[in-house]
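**Student:** Got a sequence here, can you model it:
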Amino acid sequence: MAKAKNIVFTGKAYYAMVYEGNHDEFGGKEFYKITVALDNEGWAKFNKSGLSLKVRELEGEEVVTFKRDLEAKTGTSAKGKKFSLGGGAPRVVDADGEEFDKLIGNGSKVEVLVEVYEIGKGPLKGKKGHRLEAVKVIEHIPYEPNDDDDEEETVEETQEETEEAPKKSSKKGLPF
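**Tutor:** Numbering: from 1, shown residues only. Presented below is the predicted three-dimensional model:
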């Protein structure tokens, strides 16, 4: 398996869905995600990373969306070892590195820790894949639901349940 590299990207968050019970679904897949309008340094890192994620425009800014699977991917390596990759909500912390459990509003300044890896087989062999590992909220803007947001109560109720659950610790050696 190719070596993975952790990269921290900084920018403004949009449509953050990073807590248990608050995820997205598209094309039969379920995942956590955060869309980020990267700052200049972030775009330089992104361009250097080799990631081929779709860059799109949102509110007059170029953005990219980082994701993490809802469920871990499991399998067996070429050497016969079983493995489990990703899955579950990413770690979310405040600027001081303390657990953060408030919904993240559009425009919040964040750092996102992304694991970038080379895809080893299949039709995407040789391309770069990624996995959202953690989010650090540097400047929080409270989430304000739209009037037509019918999921508001569900998200808030699930958020309260998540706050009582034990928090997962981060992997050793990560910057946050």
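**Student:** Which residue ranges of this protein form helices?
**Tutor:** For the chain, the helices defined by DSSP state H cover 40-49, 152-164.
**Student:** Which one of the ones you listed has the poorest average confidence?
**Tutor:** Among those, helix 152-164 has the lowest mean pLDDT, at a mean of 43.
**Student:** Quick check: bridge partners of the residue nearest the centre of the chain?
**Tutor:** Closest residue to the average C-alpha location of the chain: Leu132 at 3.5 Å, with Cα atoms, centre = their mean. Per DSSP bridges, the residues bridged to Leu132 are Val114.
**Student:** I'd say it and Asp69 touch.
**Tutor:** No. The pair Leu132 / Asp69 is not scored as a contact, 9.4 Å apart, by Cβ atoms under 8 Å. In this view, the C-beta of every residue, glycine as well, is placed from N, C-alpha and C.
**Student:** Common neighbours of the two, please.
**Tutor:** Tyr32 (Cβ atoms under 8 Å, 6 or more residues apart in numbering).
**Student:** for the protein, what spans make up the strands?
**Tutor:** 5-17, 24-26, 29-38, 56-58, 61-69, 73-76, 82-85, 91-94, 109-118, 128-139 (DSSP state E).
**Student:** and those, which one is worst for confidence?
**Tutor:** Ranked by mean pLDDT, those bottom out at strand 82-85, with a mean of 74.
**Student:** just checking, what packs against that one?
**Tutor:** On a contact count with 3 or more Cβ pairs under 8 Å, 6 or more residues apart in numbering; DSSP states H and E, strand 82-85 meets strand 73-76.
**Student:** Give the buried residues for the strand it packs on.
**Tutor:** Of all the residues in strand 73-76, not one is buried under the rule 16 or more other Cβ atoms under 10 Å.
**Student:** Which residues does it contact?
**Tutor:** Strand 73-76 is contacted by residues Lys82, Phe83, Ser84, Leu85, Gly86, Gly87 when judged by Cβ under 8 Å, 6+ apart.
**Student:** if we take those, which one ends up nearest to Ile34?
**Tutor:** The nearest member of those to Ile34, counting by Cβ to Cβ, is Gly86 at 14.6 Å.
**Student:** for that closest one, what are its contacts?
**Tutor:** Applying Cβ under 8 Å, 6+ apart, the residues near Gly86 are Arg68, Asp69, Ala72, Lys73, Arg131.
**Student:** For these, please prepare JSON lines with the additional fields distance to Arg91.
**Tutor:** Converted to JSON lines, these look like this (distance: Cβ to Cβ, whole Å):
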{"residue": "Arg68", "distance to Arg91": "10"}
{"residue": "Asp69", "distance to Arg91": "15"}
{"residue": "Ala72", "distance to Arg91": "15"}
{"residue": "Lys73", "distance to Arg91": "18"}
{"residue": "Arg131", "distance to Arg91": "12"}
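**Student:** All set now, cheers.
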